[in-house]
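K.L.:
My questions are about this predicted structure, shown below with the sequence.
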2 protein chains.
Amino acid sequence: MCNVKRNPILQSLIDDNLVSDPASARGRLLKEAARLFRDKGYERTTVRDLAAAVGIQSGSLFHHFRSKEEILKAVMVETIRLNTALMQAAVSAADTPRDRLRALIRTELESINGRTGEAMAVLVYEWRSLSEPARTEILALREIYEGLWLEVLRQLRSQGDLAADPFVVRRLLTGALSWTITWYRPERGELSLDGLTEQVMTMMGLS
Amino acid sequence: MCNVKRNPILQSLIDDNLVSDPASARGRLLKEAARLFRDKGYERTTVRDLAAAVGIQSGSLFHHFRSKEEILKAVMVETIRLNTALMQAAVSAADTPRDRLRALIRTELESINGRTGEAMAVLVYEWRSLSEPARTEILALREIYEGLWLEVLRQLRSQGDLAADPFVVRRLLTGALSWTITWYRPERGELSLDGLTEQVMTMMGLS
DNA sequence: GTCTATATTTGGATAGAC
DNA sequence: GTCTATCCAAATATAGAC
């Protein structure tokens, strides 16, 4: 189709129809939707905003999605799929539990503060805007993702590098890492993503 | 006025007109508003919901507050005032930097998950719903509160008990502690507030 | 597949009686 | 200080032409 170089993990997900091609109409809309939902919140974003962001009229949106909520759900589903795949790859590439934790932290920080950051933020902060059936669906996807973390934290604990409860630690880390989108500004250059990762490891006595 | 026993810190704030008496019409409305804003989000809560929660009609609300946003702002202002006072008292009562940090963590966890939890959650998660001038006002109040944390974290660092940057640590802790509202259920009895506080201290190597 | 036009609903806010 | 009634604006979703 085209010769743009692309993350091979993303490409394989696109090929399997698990996430939309960012170059497609649907993909572009989801990308803009994620940005708007993060910046203004789901409720304050109108279908007119969404349509304008991709250069169409609001009525035309409903040719692609049945409702506004379906757009929110699609943003969340595709985001979890992509980030679960990225996490799995990051863990596989590391040799020790400590390095695996570092890889998980680094990857999640990058997801939150990097290219897919808008969508990750939406996933974290727009949960209440989802209807109940949609929540159940998203939750099931999220369990795989969380399982990756727990596995690594249990490894650390069994080798004596983690004194606290892995389950509690993962939840504390979820909050700590997702909250970075409210204050961390990688583009300022004061603190790199690697530097921030090391601060988290240091706080946990694992640097 | 009446003989209800009350936290003396809260009472002195009421006497100084810094927070509303929870028994007054205004106080009851703010309490219900906090609950609704937390459960449904500010945008999804209608003025009709707010009025119904205190048993009046929506038109009557505007006798007490000029706009819906003013209600949100009042919830936030009074919450910061109360919690800053509670934090100051907790820090003063502890003798070592380590105990002061423990007291701060315990108090913030209690604020988030206890009686004032709804309002604290609103403060954390409804920031985007505030207009710019209101944000500036709230931010100024919040600086005092944050200063308490930084002071204690700097003490810990200077005595070698904290390797990471106090500024970064506070922000990581803000996220970790506020996120507990999404998963921690003190009423289940699996983990007490003291137990959760110790988990946080343990994760930081300070138990 | 996108447009224009509009039906329909919802929700913030106001007016004036009591 | 609360009620009823209502205005007005905004927003989701639909209908039908091109």
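P.N.:
Received, thanks.

K.L.:
all contacts plus neighbour counts: C-alpha atoms, from now on.
P.N.:
OK.

K.L.:
Show the backbone phi and psi for the residue most central in space within chain A.
P.N.:
By Cα atoms, centre = their mean, the mean C-alpha position of chain A lies nearest to residue A:120, the distance being 3.5 Å. Residue A:120 has phi and psi values of phi -60, psi -40 when expressed as degrees, to the nearest 10.

K.L.:
and the gap between it and DNA strand D?
P.N.:
Residue A:120 is 21 Å from DNA strand D, where distance means Cα to the nearest atom of the strand, to the nearest Å.

K.L.:
residue contacts, the closest residue to that residue other than its chain neighbours?
P.N.:
In this structure, residue A:120 finds its nearest non-sequential neighbour in residue A:112, 5.5 Å apart by Cα to Cα, 6 or more residues apart in numbering or on different chains. By Cα atoms under 8 Å, 6 or more residues apart in numbering or on different chains, the contact set of residue A:112 is A:118, A:120-121, A:177-178, A:180-181.

K.L.:
Please apply the same query to residue A:121.
P.N.:
A:38, A:112, A:178, A:181.

K.L.:
can you put those in CSV and add distance to residue B:170, pLDDT and secondary structure?
P.N.:
Formatted as CSV, the contacts of residue A:121 follow (distance: Cα to Cα, whole Å; pLDDT from 0 to 100; DSSP: H, G, I helix; E, B strand; the rest coil):
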residue, distance to residue B:170, pLDDT, secondary structure
A:38, 23, 94, helix
A:112, 19, 94, helix
A:178, 14, 95, helix
A:181, 15, 93, helix
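
K.L.:
filter these down to the ones near DNA strand D?
P.N.:
Contacts with DNA strand D are made by none of the contacts of residue A:121, judged by Cα under 7 Å from any atom of the strand.

K.L.:
wouldn't residue A:98 be in contact with residue A:156 here?
P.N.:
Yes - the pair residue A:98 / residue A:156 is scored as a contact, 6.8 Å apart, by Cα atoms under 8 Å.

K.L.:
Excluding covalently adjacent residues, which one is nearest to residue A:74?
P.N.:
Per Cα to Cα, 6+ apart, closest to residue A:74 is residue A:30, 7.4 Å.

K.L.:
buried ones in the helix or strand encompassing the one you found?
P.N.:
Assigning secondary structure by DSSP states H and E places residue A:30 in helix A:25-40. Under the neighbour-count criterion of 16 or more other Cα atoms under 10 Å in any protein chain shown, helix A:25-40 has A:26-38 buried.

K.L.:
Remind me what it packs against, helices and strands.
P.N.:
Secondary-structure packing of helix A:25-40 (3 or more Cα pairs under 8 Å, 6 or more residues apart in numbering or on different chains; DSSP states H and E): helix A:47-53, helix A:68-92, helix A:117-125.

K.L.:
give me that answer again for 7 Å
P.N.:
Judged by 3 or more Cα pairs under 7 Å, 6 or more residues apart in numbering or on different chains; DSSP states H and E, the packing partners of helix A:25-40 are helix A:117-125.
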